[in-house]
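[1] I'd like to go over a predicted model; first the sequence, then the structure.
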Amino acid sequence: MLGPAASEAQPAVQQVLVLQSFDRGNMILDHFTSTLRVDLDQRAARPVNFVQVVVGPTGFVGAPEQAVVDFIRSTFADRPKPDLIVTVAGPAAVFAQTYRRQLFPDIPLLFAAVDERYLQGAPLGENDTAVAVDNDFPQHIDNILRLLPETKQVFMVLGSGLVGKFWRRELEDQFKRFGERVTFVWFDDLSLAQVLRRSAGLPADSAIFYITFGTDAAGAAYADERIIADLHAAANAPIFAVHSVFFGSGIVGGALLSIDDVGRRTADVAIQILNGTSPSSIRLPLQVPGQAIFDSRELQRWGIPESRLPPGSAVSYRGPSLWSEYRATVGSVAGVLALQALLIVGLLFERRARQRAEIDSRRNLTLAADVSRRATMSALTSSIAHELAQPLSGIMHNAEALQKMVAADRATSATIGEILTDIQTDGMRAKQIMERQRTMLRSHELQRKPIDLHAVVRESLALVAHEMVAREVEATVNLSSNACIISGDQVLLQQVLVNLLMNAMDAVADRPQAGRQITISTQVRAADVEVSVRDTGPGLHADIIGTVFAPFVTTKSNGLGIGLTIARTIVDTHGGTVDARNNPEGGATFTVTLLRSEIPATRSESPVVANIVSELPNA
């Protein structure tokens, strides 16, 4: 339940019960709900308190619907009844229709953001009204065939849950008129990984139609934003969708249904009802798709000429021509530059060119390091989610336990204090985890200060810990007992070690499980320190062992060959060295050598990092 009401509601506050079809992650409903709540907050005559309950398939997982009804009624047992009930999308509308008599039958009910098909089974009552929409899916197939006349197959991406099954039944019937021209292939029985693999190898005469997703055939739940991003990166065919919230994220475009308009219309109706208007007097026409709009970037990517667009279409994300926008300025600057080029001669030209090269080199190093670091952190997204799952799960279970104890009148001050302490501890852990990820993603220039290299090693291991467990890689950590203080940049050196650890995991990926081993060691000498990453992989190829740190040298099919180049540049900037060699018994070892510093380090190690590293096998 989101947005709980105040414990002591004032008479001037109006209560709105929002029955949501899905938990967070559905871009359409998240955007709609946000628009609705903001509009009501800003425009309602009196303050509005929202009580939101997810009644769809992702809400009370495994619970009977009657239990959900009882929960909703108990929520208002000690507070004023709602002044208005708003359902969001189809599953919530069906739920409200089914349990209307039990869910405050005398309270006005507003069906919002719902396709008209969900309301065809039961007419609206005297105390009900709706802001319904007509998605007009066949119109979008017509749009695909207009833009891509050679299309023979349309691959339908929709989840495997109840909503996905509902739309497959509906659309199979609506799409019959395209039967002689287009074959529809349904992806509702695949896992996300299978959807992405299939999308990467589609025939040349294909298009992808994205409806929504929710859960896949494996039962895993995913947010629309991630699905669209992954699909756009993997698919070899253009992507189309129905709703405006997906525009700009990789779809080609079309006559899209504006979720902003649906949210504002719903707010208008809600305000009228809260002001005393009878719902039966409010009957609105269906919300239909608006003006066709297309993404210029996607049109260019798939070679779709703008001449095929429907009349009156708008095209967004079209980059302006420098010449057309600033013709006079460009002409003047070109003349000045030409005159200046004639005056620059000899050593002056060479000196200035060298200075520019040095400045560009430093700037490019910073940019390349940032890009490499962000790419690495993107690859470790599952690690971030895994680390956050434990403290967030702990917070949720503690809160549920406290809620049940309070409801049963069994809560004592001692137990409440213990539970709140646990919640605070888990919250601090989640905060520390997020701070570490944010630090790695933040762009910055080189900042040298005394740091503990052992802390850098542990921070780096914590970042890749979940990846090691997922890949079943055994890690052995041998850190020197002597102080390992150097002068350097915590984030950049951490980037070097994460890069070496990720490379080592890639190197042992094809080994049997027992042979996937990585050893991280440090050695402290009088003047310098060494940190080495040793793997049991196949070792470095003989033809690249001397050029492994050169730009664009890589043995990975999907590698860019800049990670080790950036790592060497970072180490060079710190006055150190990095080298690579093959081990006599197999595998390779990368060693970073840095000068010691006698000034004490200023940054202490996070207890969260220590806990994560301690969970690594043999760490």
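    Thanks, I have the structure now.

[2] contacts and neighbour counts: CA atoms only from here.
    Fine.

[3] run through the bridge partners of the nearest residue to residue 82 once chain neighbours are set aside.
    Computed as C-alpha to C-alpha, 6 or more residues apart in numbering, the closest residue to residue 82 that is not its neighbour in sequence is residue 15, at 4.6 Å. Residue 15 has the following beta-bridge partners by DSSP bridges: residue 49.

[4] burial measure for the spatially closest residue to residue 452 that is not a sequence neighbour, as a count.
    Nearest residue to residue 452 in three dimensions, chain neighbours excluded: residue 485, at 4.6 Å (C-alpha to C-alpha, 6+ apart). The local packing of residue 485 (other C-alpha atoms under 10 Å) involves 24 other residues.

[5] circling back to that earlier point, okay, now the residue nearest to residue 82: neighbour count?
    Neighbour count of residue 15, defined by other C-alpha under 10 Å: 22.

[6] these two touch, right, it and residue 86?
    No. Residue 15 is beyond contact range of residue 86, at 10.9 Å (criterion: C-alpha atoms under 8 Å).

[7] what does stretch 286-299 contact?
    Contact with stretch 286-299 is made by 116, 131-136, 238, 247-248, 250-258, 262, 305-306, 310, 312-318, as judged by C-alpha atoms under 8 Å, 6 or more residues apart in numbering.

[8] which ones among these are found in helices?
    residue 262 (DSSP state H).

[9] going through the contacts of stretch 286-299, which ones are buried?
    Using 16 or more other C-alpha atoms under 10 Å as the burial test, these include 116, 131-133, 135-136, 238, 247-248, 250-258, 262, 310, 315 as buried.

[10] let me see the mean pLDDT of the host helix or strand of residue 269.
    Using DSSP states H and E, residue 269 maps to helix 259-274. Taken as a whole, helix 259-274 has a mean pLDDT of 93.

[11] give me the buried positions along it.
    Result for helix 259-274 [16+ other C-alpha under 10 Å]: buried residues 259-260, 262-271, 273-274.

[12] kindly report the same for stretch 527-535.
    Of all the residues in stretch 527-535, those buried under the rule 16+ other C-alpha under 10 Å are 528, 529, 530, 531, 532, 533, 534, 535.

[13] can I get those residues in CSV with secondary structure and pLDDT?
    Listed next are the buried residues of stretch 527-535 as CSV, based on DSSP: H, G, I helix; E, B strand; the rest coil; pLDDT from 0 to 100:
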residue, secondary structure, pLDDT
528, strand, 93
529, strand, 94
530, strand, 94
531, strand, 95
532, strand, 95
533, strand, 95
534, strand, 95
535, strand, 94
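
[14] neighbours of residue 569, how many?
    For residue 569, the count of nearby residues is 18 (other C-alpha under 10 Å).

[15] that one in helix, strand or coil?
    Secondary structure, DSSP: H, G, I helix; E, B strand; the rest coil: residue 569 is helix.

[16] lowest average confidence across helices and strands of this structure, where is it?
    Least confident element among the helices and strands of the chain, by mean pLDDT, DSSP states H and E: helix 607-614 (a mean of 52).

[17] re earlier: output the buried residues of helix 259-274 in TSV, with distance to residue 540 appended to each entry.
    Formatted as TSV, these follow (distance: C-alpha to C-alpha, whole Å):
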residue	distance to residue 540
259	54
260	55
262	59
263	58
264	61
265	63
266	63
267	63
268	67
269	68
270	67
271	69
273	72
274	72
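
[18] out of these, who's nearest residue 580?
    residue 259 (55.0 Å; C-alpha to C-alpha).

[19] please look at that closest one and residue 30 and confirm they touch.
    No. With contact defined as C-alpha under 8 Å, residue 259 does not count as touching residue 30 (10.0 Å).

[20] re earlier: okay, and which of the contacts of stretch 286-299 map to strands?
    If you go by DSSP state E, the contacts of stretch 286-299 have 131, 132, 133, 253, 254, 255, 314, 315, 316 in strands.

[21] now do the same contact list for the third one.
    Neighbour list for residue 133: 113, 114, 115, 116, 286, 287, 288 [criterion: C-alpha under 8 Å, 6+ apart].

[22] now the closest residue to it other than its chain neighbours: how far from residue 89?
    Leaving aside its sequence neighbours, residue 133 sits nearest to residue 287 (C-alpha to C-alpha, 6+ apart; 4.4 Å). Remark: distance between residue 287 and residue 89 (C-alpha to C-alpha, to the nearest Å) = 14 Å.

[23] ok, back up a step: and which of the buried residues of helix 259-274 is nearest to residue 202?
    Nearest to residue 202 among these: residue 259, at 30.4 Å, using C-alpha to C-alpha.

[24] which non-adjacent residue is nearest the closest one?
    Leaving aside its sequence neighbours, residue 259 sits nearest to residue 32 (C-alpha to C-alpha, 6+ apart; 5.9 Å).

[25] against residue 254, how distant is that neighbour?
    20 Å.

[26] try residue 522
    58 Å.

[27] residue 477: which element?
    According to DSSP H and E, residue 477 maps onto strand 474-478.

[28] for that strand, C-alpha coordinates in CSV please.
    Taking Å, rounded to 0.1, in the frame of the first residue of the first chain, the C-alpha atoms of strand 474-478 are listed here in CSV:
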residue,chain,number,x,y,z
GLU,A,474,36.3,-19.0,-6.5
ALA,A,475,38.2,-16.0,-5.1
THR,A,476,41.3,-16.2,-2.9
VAL,A,477,42.4,-13.0,-1.2
ASN,A,478,45.9,-12.7,0.2
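
[29] so what does it touch, helix or strand wise?
    The helices and strands touching strand 474-478, judged by 3 or more C-alpha pairs under 8 Å, 6 or more residues apart in numbering; DSSP states H and E, are strand 517-524.

[30] in contact with the residue nearest to residue 82, which residues?
    Counting by C-alpha under 8 Å, 6+ apart, residue 15 touches 5, 48, 49, 50, 51, 80, 81, 82, 83, 84.

[31] let's have these in CSV, adding neighbour count and distance to residue 416.
    As requested, these are arranged in CSV below (neighbours: other C-alpha atoms under 10 Å; distance: C-alpha to C-alpha, whole Å):
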residue, neighbour count, distance to residue 416
5, 20, 21
48, 19, 31
49, 20, 27
50, 21, 27
51, 21, 25
80, 16, 27
81, 16, 29
82, 18, 30
83, 18, 33
84, 21, 34
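
[32] please identify which of those residues is nearest to residue 328.
    Using C-alpha to C-alpha, residue 48 is the member of the contacts of residue 15 that sits closest to residue 328, with 55.1 Å.

[33] hmm, the closest one is touching residue 16, no?
    Yes. Counting by C-alpha under 8 Å, residue 16 is a contact partner of residue 48 at 6.9 Å.

[34] which ones among the contacts of residue 133 map onto strands?
    Mapping the contacts of residue 133 onto strands (DSSP E) picks out 113, 114, 115.
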